[in-house]
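1. Based on what follows, work out the 3D shape:
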Amino acid sequence: MKRILLTLSAIAALAVPGAALAHGSHHHHGTLAKLSGTGTSFAGASATASGSIAMSAKLGAGTFSAAITTDLAKATSRSGDRGTLSCAPSTATLTLTGATASNTLTGALTGKTCTWTPKTGTAVSAFFGRGTVTGAGVLAGLTGKTGKAFLMQKSDGTVKGAVFAGSRGERSLLFSAGERHARHAAGDCGH
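-> Just a heads-up that it's a prediction; the model follows:
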């Protein structure tokens with residue numbers, strides 16, 4: 001349970017430093033964007049999120065939107081002395097629009113939405129997903145490649161996240177390692 005708590009805390013803080021995000025998006029042929037916004041409750045069967053691209057070398061200061069659908073009938077829960085973790089299969093439609101509106105990245109992602117409800121404190125929910133993306137403008141070369149995303153929502157409705165798209169050989173090691181750790185610590189919640 002300690003690992004789950006630490007993982008969700010790390011997700012909540014989005015501990016990926018801004019410099020690492022910029023480094024990954026500048027030196028790889030994929031794109032990496034740090035997201036910040038607000039949304040409706042990720043703990044429900046459907047949710048939306050939107051806001052700004054806080055950092056992306058390829059997209060600039062653009063916007064994002066996401067629509068998440070969660071199959072709550074297939075949710076699994078684990079309870080411990082510190083709280084409960086509930087995960088269910090989810091899909092999301094994600095759109096990133098760059099500062100130049102013709103530069104876009106869209107994807108239909110499949111994954112899980114998990115909610116950590118501690119016995120003390122407030123709940124945190126996160127969507128983890130991956131799928132094929134379509135790029136336009138400067139991102140046209142990403143069409144058909146794999147996109148991966150984390151979207152985390154605090155109890156006040158604020159959403160933070162990160163998105164990467166590119167071929168397997170181009171993935172940011174920091175992003176991939178963080179995703180693997182989060183999935184493992186949350187009982188493979190991301191797959």
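2. and residue 161, what element?
-> Assigned by DSSP states H and E, residue 161 belongs to strand 158-166.
3. buried sites along that strand?
-> Along strand 158-166, these residues count as buried under the neighbour rule (16 or more other Cβ atoms under 10 Å): 159-166. For the C-beta atoms, the positions are set from N, CA and C on the backbone; glycine is no exception.
4. partner strands of that strand, parallel or antiparallel?
-> When pairs are called by DSSP bridges, strand 158-166 turns out to pair with strand 31-39 (antiparallel), strand 146-153 (antiparallel).
5. Residue 51: neighbour count?
-> Using other Cβ atoms under 10 Å, the number of residues around residue 51 comes to 18.
6. I'd guessed it sits against residue 159; true?
-> Yes - using Cβ atoms under 8 Å, residue 51 is in contact with residue 159, at 6.4 Å.
7. Please enumerate the shared neighbours of these two.
-> The contact sets of residue 51 and residue 159 overlap at 35-38 (Cβ atoms under 8 Å, 6 or more residues apart in numbering).
8. What segments of the protein are helices?
-> Along the chain, counting by DSSP state H, helices occupy 2-13, 18-27, 173-185.
9. Compare the mean pLDDT across those helices and name the weakest.
-> Mean pLDDT across those is lowest at helix 18-27; the value there is a mean of 37.
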